[in-house]
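Visitor: One predicted model, sequence on top.
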Amino acid sequence: MSEEVLLLLGSNLGRRVRHLREGIDRISREVEVTRVSGIYAGEPSGRPHQPWFLNLALLGTTALPPEELLAFAKEVERAGGRRGAARWGPRELDVDILLVGGLVMRKPHLKIPHPMLGERRFCLMPAAEIAPDRAVPPGGETVRELLSRCRDTHEVTPL
């Protein structure tokens, strides 16, 4: 049985647009991609003094269970050049699982929905472009509603 997934891809090292495009290609091996947002340039959060990120959101369906989707996302990151960068540090490719259907999961290594989704403008802007009315569990607010209430002051600009 397939589930709808909302993923966020980001890159702030090297050929960022190329990393994002190759990431989409790799993800499409296990995820039937239905929508891809435009690219957004975002000021880094969590760890300053690094290049700005380029981010995009991807909506699709997959038969992979959440744990396998996480393992697959890590494979895609490694194939895209990521080599165990420090948390929130610079990286060639980052793949975050934002939503998996209506699932709520809280494990030490995997939290769905992404726990910072409602607090990160760089996640919400591309997600709102392709899935504005998507309900975010457990409260059921839409991506658009979360974006309208987001207090994140980091600059995010569509390209």
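Guide: Thanks, I have it. These numbers come from a predicted model, not from an experiment.

Visitor: list the contacts for P66?
Guide: By Cβ atoms under 8 Å, 6 or more residues apart in numbering, the residues touching P66 are 97, 100, 103, 105, 110, 112. Where you see a C-beta, it was placed from the backbone N, CA and C, and this is true even at glycine.

Visitor: what do you get for G80?
Guide: By Cβ under 8 Å, 6+ apart, the residues touching G80 are 11, 19, 22-23, 26, 92-93.

Visitor: Over to L9?
Guide: Applying Cβ under 8 Å, 6+ apart, the residues near L9 are 20, 23-24, 27, 55-58, 93-96.

Visitor: Show only the entries of the residues you listed found in helices.
Guide: Within the contacts of L9, residues falling in helices by DSSP state H are 20, 23-24, 27.

Visitor: ok, which stretches of this protein are helices?
Guide: Under DSSP H, the chain gives helices at 16-27, 66-79, 121-130, 143-149.

Visitor: could I get the ones you listed as CSV with mean pLDDT and distance to E43?
Guide: Shown next, in CSV, are the helices of the chain (pLDDT from 0 to 100; distance: least, Cβ to Cβ, whole Å):
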stretch, mean pLDDT, distance to E43
helix 16-27, 98, 14
helix 66-79, 96, 22
helix 121-130, 98, 8
helix 143-149, 98, 17
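
Visitor: ranking the ones you listed by burial, who's on top?
Guide: helix 121-130 (a mean of 24; mean count of other Cβ atoms under 10 Å).

Visitor: will you turn the ones in helices among the contacts of L9 into TSV that also has distance to E141?
Guide: Shown next, in TSV, are the ones in helices among the contacts of L9 (distance: Cβ to Cβ, whole Å):
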residue	distance to E141
L20	27
G23	28
I24	27
I27	26
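
Visitor: which one of those sits closest to E67?
Guide: I27 (16.6 Å; Cβ to Cβ).

Visitor: what about the residue nearest to the closest one when sequence neighbours are not counted, distance to A128?
Guide: Ranked by Cβ to Cβ, 6 or more residues apart in numbering and with sequence neighbours excluded, the top spatial neighbour of I27 is V76, at 5.8 Å. Look at V76 and A128: by Cβ to Cβ, to the nearest Å, they are 23 Å apart.
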